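Undergrad: here's a sequence, model it:
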Amino acid sequence: MLHRILPIIAIILLGQGCLPPQRSAVVSEPEIITGEPSPEGAVPFYNGFGPLPGRVPFPTDLPDAVLPTVILNTELPAIPPNVTVLREWNRATDDILLRNITTALDVPIGALGQDPTGQSLSVNWQDMEGHQWTYQAPTPRLLFARGTREVLPEAEAFPSPEDATITVNAFLRDHGVNTVGWGVPQAYPSYGEDGAMSGTTVAFAASRDEQPAMIETGHSFPAAEFQLDKVGIREAFMALPVRLDRSNYPSITSGEVLTRLRMGGTSPLFNTSPATVITITDFSMVLYRHLGADGRIYYLPSLRAEGTVRNGNRQDSYITLIPLIQDSAFLEFK
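TA: Numbers count the residues shown, from 1 in each chain. All right, here's what the predicted structure looks like:
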């Protein structure tokens, strides 16, 4: 009988002002991170990017009256005192590449002026089989569209998820595509606007340092996606490898995590009340893909919370992220 009572006791109603039991944070110096030297110079181990550009990716002005009740049906992970922020290398077209391209195109040197700054680049070409390819920077992405030069046999049905994954993996291998920073492929049927099945999609979620990269809704940021029809791969986009700088920043406390969880994290709920109940059933550590005010991409260690939200008789799934960086680390934190 006791084993049935304990889980009920473990449910903590944050809306009533109680805190759940928490594992103590591991207070230890993180390992020294080494890697490819940044073209922008050495990055200090702590606060190496300076104030993180832009606003705190978290609402700080929600009134207490609208906060829902939060129930934890799982244990809150330990929060380390410091977490590692990642920053992508500057992917804008550098001046050397810009000058090489414009020289090859006989663009007058006076048109460049002094210290030109590349902003974007798009290159299109057709391979020997008639397929169209496009490289886009500063994304950087590689786009593929099947050509019409070669007449290929059409199958009787759309490929199954298993067959579609095999086809995509063979395509990647044959074309020498570097899939570093891609997750495990997920295949599923795709449908047109009329609701009829239109093919099979194979998608790869992005990862950085073997951690899933996610957007503010708590869903994966895509690294690649392939659309297949009865002939084969019709079109696709593929993210090319990115290089990263790393530096450690102080993290928030477990108590601050709980407060931010009640405020909705990166996916706040509106028109709620204490009668609104959010039940968290799972936590995981991920990276939040943060677009800085400087146009650079940063990856912020975050806690992903997943569960349900109930308003009256209606219950929906609920996901949000809690970035673990202290507000004071951001350029705009008030």
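
Undergrad: buried residues in stretch 290-297?
TA: Neighbour-count burial for stretch 290-297, counted by 16 or more other Cβ atoms under 10 Å, picks out H290, G292, R296, I297. Any C-beta I mention is one placed from the backbone N, CA and C, and that applies to glycine too.

Undergrad: correction: stretch 106-123
TA: Of the residues in stretch 106-123, those buried under the neighbour-count criterion (16+ other Cβ under 10 Å) are G118, L121.

Undergrad: can you give me the end-to-end span of it?
TA: For stretch 106-123, the first-to-last residue distance is 17 Å (Cα to Cα, to the nearest Å).

Undergrad: how about stretch 51-66?
TA: Using Cα to Cα, the end-to-end distance of stretch 51-66 comes out at 31 Å.

Undergrad: so which of the buried residues of stretch 290-297 is the closest to Q227?
TA: I297 (25.3 Å; Cβ to Cβ).

Undergrad: give me the pLDDT for the closest residue to that closest one other than its chain neighbours.
TA: Take I297 and drop its neighbours on the chain: the residue closest to it by Cβ to Cβ, 6 or more residues apart in numbering is E88, 4.4 Å away. Taken from the predicted model, the pLDDT recorded for E88 is 94.

Undergrad: repeat for the one 10 residues further on
TA: On pLDDT, L98 comes in at 79.

Undergrad: count of neighbours near it?
TA: By the criterion of other Cβ atoms under 10 Å, L98 has 18 neighbours.

Undergrad: also T253?
TA: Neighbourhood size, T253 [other Cβ under 10 Å]: 14.

Undergrad: any idea how far T84 is from it?
TA: Summarising the geometry, the distance separating T253 from T84, computed by Cβ to Cβ, to the nearest Å, is 18 Å.

Undergrad: now F144, nearest residue through space, not along the chain?
TA: Across the structure, with Cβ to Cβ, 6+ apart as the measure, the residue nearest F144 apart from its sequence neighbours is A236 (4.5 Å).

Undergrad: pretty sure L72 is touching I280, no?
TA: Yes - taking Cβ atoms under 8 Å as the contact criterion, L72 and I280 are neighbours in contact, 5.2 Å apart.

Undergrad: okay, buried residues for stretch 211-231 please.
TA: Quick answer for stretch 211-231 (16+ other Cβ under 10 Å): 211-216, 218, 220-229.

Undergrad: go on, stretch 139-159?
TA: Judged by neighbour count (16+ other Cβ under 10 Å), stretch 139-159 contains these buried residues: T139, L142, L143, F144, R146, F158, P159.

Undergrad: OK, contacts around A239?
TA: T139, P140, R141, L142, G181, W182, A206, P222, A223, A224 (Cβ atoms under 8 Å, 6 or more residues apart in numbering).

Undergrad: just the ones in helices from the buried residues of stretch 139-159, please.
TA: With helices defined by DSSP state H, no entry of the buried residues of stretch 139-159 lies inside them.

Undergrad: pick out the most distant pair among these.
TA: T139 and F158 (28.9 Å).

Undergrad: pLDDT on the host helix or strand of N124, on average?
TA: N124 is part of strand 121-126, with elements assigned from DSSP states H and E. Regarding strand 121-126, the rounded mean pLDDT is 91.

Undergrad: what about stretch 220-232, distance to the chain center?
TA: Taking Cα atoms, centre = their mean, to the nearest Å, one finds stretch 220-232 lying 18 Å from the centre of the chain it belongs to.

Undergrad: what's the span of it from first residue to last?
TA: Stretch 220-232 has an end-to-end distance of 25 Å (Cα to Cα).

Undergrad: what average pLDDT does that stretch get?
TA: Over the span of stretch 220-232, the pLDDT mean works out to 97.

Undergrad: same deal with stretch 320-329?
TA: Averaging the model's pLDDT scores along stretch 320-329 yields 95.

Undergrad: report the buried residues of that stretch.
TA: The neighbour-count criterion (16+ other Cβ under 10 Å) identifies T320, L321, I322, P323, L324, I325, Q326, D327, A329 as the buried residues of stretch 320-329.

Undergrad: out of the residues you listed, which are inside strands?
TA: Among the buried residues of stretch 320-329, the residues falling in strands (DSSP state E) are T320, L321, I322, P323.

Undergrad: got the buried residues for the helix or strand that contains the residue nearest to F144?
TA: The secondary structure element spanning A236 is strand 233-239 (assigned by DSSP H and E). For strand 233-239, the buried set under the neighbour-count rule, 16+ other Cβ under 10 Å, comprises I233, A236, F237, M238, A239.
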